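Enquirer: pasting the structure only:
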């Protein structure tokens, strides 16, 4: 198994000449900060997958000298991913280990290094998906059926607190809908309503500190989406990006939606209302290579969208997104069963 696992490698990043990165913004770790970001000293895109469970990240700080690092983990499948720059730790939700796993000294490891787990959580989950981080709290969306009745949609949000070399489960929130992508905006948590075109909002999410069922503060429809999966939010530009996998059995019908001035539009939409397609930009079509775009990251300063495309096994990046439509990706890399992306700028 080790020989097979080590033989599966991600090809190097290419076709990045059109992209530039100039400022600091960590995707999926939004605490509501605004203002002018500080200069960027390094830019990396972290990825996970369900084919071999390894972590691959691209250092794209110097566009003329892009490097790729693959960390060989004990997992055989993984989903949500996050990078903690303060401790140089790459963290992913292991779908085989059913726990959060952190790997220290991530950026100083040689590519193809076998890495040990340095920060470990308990194996509480059943079907972990996306990870959202707020301070020392790590929230994992679990897509498994909770009550054993598949006709009643539900899901769980596992809330872990990181301390030293451990993730400790604080509490579990049950939802009345199936979960996938999640992201924080300050104290609020945005969660996609899997198998629908809806988005749920939980105001002051972490104030729920016991095991309990919590109804969202608001649910809205995102017009034009068939079935949403991934979501990210950039506080500096007030932009949200959601992915649309459409028919999960079709590898050509995916897309993503960019919503500028997002909180204004969300606040203006009542519970049960709709964010109109005219207030969004949709990217979809045969040139996009989008079939099942599972996860998304966004660089608000360069207006670049990064996609983990599962059906076609790709890591994709799109610029010039303002025009929408059938765009050709600026980056198109192989990654079998790509499951998550995270953009780190520090």
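Expert: Right, received. Where do you want to start? These figures come from a predicted structure and were not determined experimentally.

Enquirer: any low-confidence regions in the stretch 51-200 of the chain?
Expert: Counting by pLDDT under 70, the stretch 51-200 of the chain shows low-confidence ranges at 62-65.

Enquirer: all strands of it, in order?
Expert: 55-59, 67-72, 78-84, 89-94, 99-103, 113-114, 119-121, 128-134, 137-142, 155-163, 166-175, 179-185, 188-193, 198-202 (DSSP state E, counting those that start in this stretch).

Enquirer: mind checking which of the ones you listed is nearest residue 298?
Expert: Closest of these to residue 298 is strand 179-185, at 10.1 Å (criterion: CB to CB). In this view, the C-beta of every residue, glycine as well, is placed from N, C-alpha and C.

Enquirer: show me what the closest one is packed against.
Expert: strand 128-134, strand 137-142, strand 155-163, strand 188-193, strand 228-234, strand 293-299 (3 or more CB pairs under 8 Å, 6 or more residues apart in numbering; DSSP states H and E).

Enquirer: hmm, try it at 7 Å
Expert: The elements that strand 179-185 packs onto, with contact taken as 3 or more CB pairs under 7 Å, 6 or more residues apart in numbering; DSSP states H and E, are strand 128-134, strand 137-142, strand 188-193, strand 228-234.

Enquirer: for stretch 195-205, buried residues please.
Expert: Neighbour counts using 16 or more other CB atoms under 10 Å place 196-202, 205 of stretch 195-205 among the buried residues.

Enquirer: straight-line length of it, end to end?
Expert: With CA to CA, to the nearest Å as the measure, stretch 195-205 spans 22 Å from end to end.

Enquirer: how about residue 120, what does it touch?
Expert: Applying CB atoms under 7 Å, 6 or more residues apart in numbering to residue 120 gives the contacts 99, 101, 166-167.

Enquirer: and the nearest residue to residue 342 once chain neighbours are set aside, what is it in contact with?
Expert: Closest residue in space to residue 342, ignoring its immediate chain neighbours: residue 46 at 4.4 Å, by CB to CB, 6 or more residues apart in numbering. By CB under 7 Å, 6+ apart, residue 46 lies in contact with 55, 57, 81, 83, 90, 342, 344.

Enquirer: again, only using 6 Å
Expert: 57, 81, 83, 342 (CB atoms under 6 Å, 6 or more residues apart in numbering).

Enquirer: and those residues as CSV, adding neighbour count and distance to residue 215?
Expert: What follows is these, written out as CSV (neighbours: other CB atoms under 10 Å; distance: CB to CB, whole Å):
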residue, neighbour count, distance to residue 215
57, 26, 37
81, 26, 29
83, 27, 32
342, 28, 29
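
Enquirer: from the contacts of residue 120, which is closest to residue 314?
Expert: Nearest to residue 314 among those, with distances taken as CB to CB, is residue 101, at 24.3 Å.

Enquirer: shouldn't that closest one be in contact with residue 94?
Expert: Yes. Between residue 101 and residue 94 there is a contact under CB atoms under 6 Å: 5.1 Å.

Enquirer: quick revisit: any idea which of the buried residues of stretch 195-205 is closest to residue 231?
Expert: residue 199 (7.2 Å).
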